[in-house]
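Student: this one's structure only:
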Ligand SMILES: O=C(CO)[C@@H](O)[C@H](O)[C@H](O)CO
Ligand SMILES: [Mn+2]
């Protein structure tokens, strides 16, 4: 199985020197580096090529994560915003094709984190989300993107998909609407499942063959192995459904910047947050994750 890490572990902003993080991921033994989509629209073709070649040289696969800004909400009740989102993703998918990146995950069906000072229209957001993802899936397929992970998030961050069951119903509705959008898949994250699911193992089994991407982290978003997430149960469920997609750890252990604000980290989660300590902790977590989750 391929194991990865989200670059944001080391950062305070939704951007960074991805070349440096490809090298770091490789040196720590990861197969995948997940990057944030946000900065990619500002990259020149030369920069995209440089990133692609660096990943190739270091044997690291690039996957993409995105917490959509409100103006890129494909399910907005405002038709102008939906139009803008369609343009944004169409351009992003072309950039991903240049990067040879075939997977993107997150709340692509909505925006993130949701502004709950406004009244929520769940039914409307789900319906417009299905229509939007049917369009995006088809466009992404033309760019060689085989996975658009519909991340099921906890209630405090989004209201559209909170459970694996909601994710499955949503994805099936997208497939029914657009046969060429089979790349729209369910994405689960152990941190969110811990809050919303009655059984984490059952949630994974519910997603079954529709599961396309998987994030890991402890209940408080520390690296895998430092908390009380039921890793054995997860192993058994992933084996039962024969999941062979990526497993990307997404730890957040430091406050500060937009990342600290969006993830709501208000304290150092570990005593030493030096780069060296973070690297060692990631390496140990990778060893733990391979040991716990790889199955025969
Ligand atoms: O789990 C989460 C958010 O809680 C992430 O996967 C998020 O969607 C991503 O950080 C956006 O880049
Ligand atoms: Mn996640």
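Tutor: Right, received. Where do you want to start? Remember, it's a predicted structure, so these values are computed and weren't measured experimentally. Residues are numbered from 1 along each chain as shown. Ligands and ions are numbered 1, 2, ... in the order given.

Student: Next to ligand 1, which bits of the stretch 151-296 of the chain? Give me the list.
Tutor: 151, 153, 157, 189, 215, 250 (CB under 6 Å from any ligand atom). From N, CA and C alone the C-beta is placed, and that goes for glycine too.

Student: go with 5 Å
Tutor: residue 189 (CB under 5 Å from any ligand atom).

Student: By proximity to ligand 1, which residue of the stretch 151-296 of the chain wins?
Tutor: residue 189 (4.8 Å; CB to the nearest ligand atom).

Student: pLDDT score assigned to the residue nearest to that residue when sequence neighbours are not counted?
Tutor: Take residue 189 and drop its neighbours on the chain: the residue closest to it by CB to CB, 6 or more residues apart in numbering is residue 215, 3.7 Å away. On pLDDT, residue 215 comes in at 99.

Student: Would it be right to say that residue 215 lies in a strand?
Tutor: Yes - under DSSP: H, G, I helix; E, B strand; the rest coil, residue 215 falls within a strand.

Student: Counting by contacts, list what whichever strand or helix holds residue 92 packs against.
Tutor: For residue 92, the host element (DSSP states H and E) is helix 79-99. The contact analysis (3 or more CB pairs under 8 Å, 6 or more residues apart in numbering; DSSP states H and E) places helix 79-99 against helix 45-58, strand 61-66, helix 122-141.

Student: which of these sits most buried?
Tutor: Among the helices and strands packed on helix 79-99, ranked by average contacts under mean count of other CB atoms under 10 Å, first place goes to strand 61-66 (a mean of 23).

Student: Partner strands of the one helix or strand residue 34 maps to, with direction?
Tutor: Residue 34 belongs to strand 32-36 when assigned by DSSP H and E. With DSSP bridges as the test, strand 32-36 is paired with strand 3-6 (parallel), strand 61-66 (parallel).

Student: picking that back up, from memory the residue nearest to residue 189 sits against residue 250, does it?
Tutor: Yes - shown here, residue 215 and residue 250 form a contact pair, counting by CB atoms under 8 Å, at 4.6 Å.
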